[in-house]
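1. No letters, just coordinates:
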Ligand code: NAD
């Protein structure tokens, strides 16, 4: 009586770790379909999956930007049934909007937002019919709080959050659960890809103040930010594992306690000025304070890595 789990974007990072973590469940409660756009890139997953491959883990092709590929993948599952869908595939993007084309922006929205919508259009009808299912979405802390020069990425994750929040009420009527997992920085391929793309941006298309701001705040601190605040994909997988084994999973879950002060600012001021002004001061006026807080947060880092408790509910046995 295994639960069927389908995960997207499993060739690397969080998706890969998730697939391996769930397939290694001691009680073998799950059959994991680890999907990826290009199955030629399955080597890392195969290696990490070890003996679970062909037992509790199977690899399948699925491109979240291609409706036919989603349909074909779901149709290939026993009775087309999915108990737990984990929408993980996603891409990042940094830089001044003046330097980004609408096509590039659409591509981020197409993967991060419409990718989820496409999945749900295929998966929801059967879950509704069976009145059973859990949809877990890897969102981001940027799904609730915008960050400098992450305009389009944050917009794509805000879209995900608004979509899920609206859908969650309908889902309740069908006894379905929707959960958003909101990590801060996670040390994966994502970081490298986003940084490399950021470095390639032609900053001559934008005024000097913006170009300097991007270079000196965003690019310069990018690596340091991941090193200071970053969690591992295994950390995130552990959070998600807890989420899918809970009796009553929460709608939202942040994986990194270091971001709690930031999101608290957002909810503390109904006018919305507090987080924006705080970020401004932190970045442009109190550089020393900012650097000191980075050091303190670094010292606290070990704590966040350990805190994987989801406190709403105890986990199901
Ligand atoms: P990653 O780049 O290692 O993994 C993303 C995966 O999605 C890749 O395997 C990629 O091939 C896949 N993908 C991209 N387009 C796809 C498509 N059209 N169809 C199927 N798969 C596709 O990065 P990651 O950090 O593991 O990212 C996973 C998720 O976590 C993303 O949704 C990302 O937005 C989110 N996230 C990442 C971070 C971070 O800092 N790394 C932080 C918060 C949230």
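-> Received, thanks. Note that this is a predicted model, so its numbers are computed, not measured.
2. Show the contacting residues for the spatially closest residue to residue 205 that is not a sequence neighbour.
-> Leaving aside its chain neighbours, residue 205 sits nearest to residue 99 (4.8 Å; criterion: Cβ to Cβ, 6 or more residues apart in numbering). All C-beta atoms are positioned from the backbone trio N, CA, C, and that covers glycine. Residue 99 makes contact with 201-203, 205-206 under the criterion Cβ atoms under 8 Å, 6 or more residues apart in numbering.
3. quick one: which of those residues is nearest the ligand?
-> Minimum distance to the ligand across the contacts of residue 99 is 18.8 Å, recorded for residue 201 (Cβ to the nearest ligand atom).
4. Which residues of the stretch 151-300 of the chain lie near the ligand?
-> 183, 185-186, 188-191, 193, 233 (Cβ under 6 Å from any ligand atom).
5. Can you name the residues of the stretch 1-150 of the chain sitting close to the ligand?
-> 8-9, 11-15, 36-37, 63-65, 88-91, 111, 115, 138, 140.
6. Please indicate which of those are buried?
-> 8-9, 11-15, 36-37, 63-64, 88-91, 111, 115, 138, 140 (16 or more other Cβ atoms under 10 Å).
7. Sitting in strands, which of these do you find?
-> Mapping these onto strands (DSSP state E) picks out 36, 138.
8. taking the buried ones among the residues of the stretch 1-150 of the chain next to the ligand one by one, which sit in helices?
-> Counting by DSSP state H, the part of these found in helices is 13-15, 115.
9. hmm, who's touching the helix or strand where residue 17 lies?
-> Assigned by DSSP states H and E, residue 17 belongs to helix 13-23. Applying Cβ under 8 Å, 6+ apart, the external contacts of helix 13-23 come out as 5, 7-10, 30, 32, 34, 36, 44-45, 48-49, 52, 55-57, 86, 88-89, 138, 183, 186, 188-190, 232-234, 236-238, 240-241, 244.
10. now the strands for the protein?
-> 3-7, 30-36, 57-61, 84-87, 134-138, 177-182, 252-254.
11. any chance of the ones you listed in TSV, with mean pLDDT and distance to residue 227 too?
-> Formatted as TSV, the strands of the chain follow (pLDDT from 0 to 100; distance: least, Cβ to Cβ, whole Å):
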stretch	mean pLDDT	distance to residue 227
strand 3-7	98	27
strand 30-36	98	28
strand 57-61	98	31
strand 84-87	98	27
strand 134-138	98	21
strand 177-182	98	20
strand 252-254	95	20
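12. Before I go, just wanted to say thanks for your time.
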